[in-house]
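*Asks:* Okay, here's the prediction I keep looking at, along with the sequence it came from:
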Amino acid sequence: MAASLAKVHCSQAYSRVAGDNIQVHGGIGFTWEHPAHLYFKRAKACEAMFGTPAYHRELLATALGGVRMDIEIRAEDRSFRDEVRRWLDKHLVSEFAAHRGVGGPDDAEAWGVRLRWEKELSSGRWLGLTWPTEYGGRGASLA
């Protein structure tokens, strides 16, 4: 069961990452000169040789006595994800977009940007998501 579960997750991730790799290299005009397409072909070959994610989901369902596993994202989680994306599109701009991934405790140059970003997150109640709303959170589930 563990192997099938791993196969479902890894196969989908491998195909997605290999496809994104092709897109990135295509965006810089360096597709066929790079072996990115070979990784995608390997991902699809492994899927054909070792079973597709759908096949392994069926194996898992059979092993669990016919119980289907719902491993897709739930509608409410999809809605939350979309809300996060909309908020980031609106707020992760300007200096915040230019300084992604910087501003840690040992980064004196971008520390101020990091503090302003934390305040921006706080104003949108994106810190402490699972905290009760009366304490500045969103009362969100752990999922």
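*Replies:* Perfect, thanks for sending it.

*Asks:* contacts and neighbour counts: CA atoms only from here.
*Replies:* Noted.

*Asks:* residues touching H34, list them.
*Replies:* By CA atoms under 8 Å, 6 or more residues apart in numbering, H34 lies in contact with H25.

*Asks:* what's the next secondary structure element after the worst-scoring helix or strand of the chain on mean pLDDT?
*Replies:* Every helix and strand of the chain was ranked by mean pLDDT, DSSP states H and E. The lowest is helix 94-98, at a mean of 81. Using DSSP states H and E, the helix or strand that follows helix 94-98 towards the C-terminus is helix 111-123.

*Asks:* What helices and strands are in contact with that following helix?
*Replies:* Judged by 3 or more CA pairs under 8 Å, 6 or more residues apart in numbering; DSSP states H and E, helix 111-123 is in contact with helix 94-98.

*Asks:* Mind giving me the packing neighbours of the helix it packs on?
*Replies:* helix 111-123.

*Asks:* Convert the helix it packs on to PDB, retaining C-alpha atoms only.
*Replies:* The C-alpha coordinates for helix 111-123 follow below in PDB (Å, rounded to 0.1, in the frame of the first residue of the first chain):
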ATOM      1  CA  TRP A 111      15.100  43.400   7.400                       C
ATOM      2  CA  GLY A 112      12.900  46.500   7.100                       C
ATOM      3  CA  VAL A 113      11.200  45.100   4.100                       C
ATOM      4  CA  ARG A 114      10.600  41.900   6.000                       C
ATOM      5  CA  LEU A 115       9.000  43.700   8.900                       C
ATOM      6  CA  ARG A 116       6.700  45.700   6.600                       C
ATOM      7  CA  TRP A 117       5.700  42.400   4.900                       C
ATOM      8  CA  GLU A 118       4.900  40.800   8.200                       C
ATOM      9  CA  LYS A 119       2.700  43.800   9.100                       C
ATOM     10  CA  GLU A 120       1.000  43.500   5.700                       C
ATOM     11  CA  LEU A 121       0.400  39.800   6.400                       C
ATOM     12  CA  SER A 122      -1.000  40.700   9.800                       C
ATOM     13  CA  SER A 123      -3.300  43.300   8.500                       C
END
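
*Asks:* Quick check: mean pLDDT of it?
*Replies:* Across helix 111-123, the average pLDDT comes to 86.
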